[in-house]
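A.B. asks: coordinates for the following, if possible.
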Amino acid sequence: MRFPEREITLKDGRTCVLKPTGPEVAAEMIVYMKITAGETEWLLRYPDEVNFTLEGEQDILGKILDDPGHVMMAAIVDGKVAGNASISGIGNKRKILHRCSLAIALYREYWSLGIGRAMIEYLIELAKEIGFSQMDLEVVAENTQAQALYRKCGFIETGRRHNALKFDDGSMHDEILMYRDL
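C.D. replies: Below you'll find the predicted structure:
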């Protein structure tokens, strides 16, 4: 989905632009996915699982940009992608058309500057415009920093998925299920 850019001021005084993630940043997004996956264990993929080609990523980003029911947002600080967030419908069946799912990640150097909250708040606005009435997310149980952010943004814990994730070291981790009415 195409949407208007929004400028925010970060806690450190810098400016951040929230904008649609288009094919022109495909190469930077591939690097971003690899690095962020290595900076934290809380994301769903490992760096070696990021195996997109430039052309493939450009195609994916172009399709998302033209999809009125899917939003992908980049946070740009000092001309660099600092983070990315998205919402997408849960499915195409009438009983679940009201729900969308949130995903978000930032480079570690941009944590705690207000980007995550600003991205989530803008995605909530856009989700309402699309017609969604509920936003869902899953978060690793041990990721208490993200859970605190989600609570500040109005999300409520609804349950837990036992042993939802198996890390490469063999450890098992629960997922916390959260939602927010829009």
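A.B. asks: ok, and the closest non-adjacent residue to the most centrally placed residue in the chain?
C.D. replies: Note on the chain: the residue nearest the mean C-alpha position is residue 104, at 2.1 Å, using Cα atoms, centre = their mean. Leaving aside its sequence neighbours, residue 104 sits nearest to residue 85 (Cβ to Cβ, 6 or more residues apart in numbering; 3.9 Å). Backbone N, C-alpha and C define where each C-beta goes, glycine included.
A.B. asks: looks to me like that neighbour is in a strand.
C.D. replies: Yes. According to DSSP: H, G, I helix; E, B strand; the rest coil, residue 85 belongs to a strand.
A.B. asks: go ahead and confirm it touches residue 103.
C.D. replies: Yes. Under the criterion of Cβ atoms under 8 Å, residue 85 makes contact with residue 103 at 6.6 Å.
A.B. asks: in the protein, which spans are helices?
C.D. replies: 26-39, 54-65, 115-130, 144-152 (DSSP state H).
A.B. asks: indicate which one of those is closest to residue 5.
C.D. replies: helix 115-130 (10.2 Å; Cβ to Cβ).
A.B. asks: measure how the closest one sits relative to helix 144-152, angle-wise.
C.D. replies: 40 degrees (axes from the mean of the first three to the mean of the last three Cα atoms, to 10 degrees).
A.B. asks: what is helix 115-130 packed up against?
C.D. replies: With contacts defined as 3 or more Cβ pairs under 8 Å, 6 or more residues apart in numbering; DSSP states H and E, helix 115-130 has these neighbours: strand 6-9, strand 15-20, strand 70-77, strand 80-89, strand 99-106, strand 134-140, helix 144-152.
A.B. asks: could I get those as CSV with mean pLDDT and distance to residue 43?
C.D. replies: Supplementary listing: the helices and strands packed on helix 115-130 in CSV, determined by pLDDT from 0 to 100; distance: least, Cβ to Cβ, whole Å:
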stretch, mean pLDDT, distance to residue 43
strand 6-9, 98, 23
strand 15-20, 98, 20
strand 70-77, 97, 16
strand 80-89, 97, 11
strand 99-106, 98, 6
strand 134-140, 98, 9
helix 144-152, 97, 10
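A.B. asks: how about the ones you listed, which one is nearest residue 117?
C.D. replies: Using Cβ to Cβ, the nearest of those to residue 117 is helix 144-152, at 6.3 Å.
A.B. asks: okay, now residue 55: neighbour count?
C.D. replies: Close neighbours of residue 55, defined as other Cβ atoms under 10 Å, add up to 10.
A.B. asks: er, residue 153 I mean
C.D. replies: Residue 153, neighbours per other Cβ under 10 Å, totals 19.
A.B. asks: quick one on the thing from earlier: tabulate the helices and strands packed on helix 115-130 in TSV, adding columns for distance to residue 118.
C.D. replies: Conversion of the helices and strands packed on helix 115-130 to TSV gives the following (distance: least, Cβ to Cβ, whole Å):
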stretch	distance to residue 118
strand 6-9	5
strand 15-20	7
strand 70-77	8
strand 80-89	10
strand 99-106	11
strand 134-140	16
helix 144-152	11
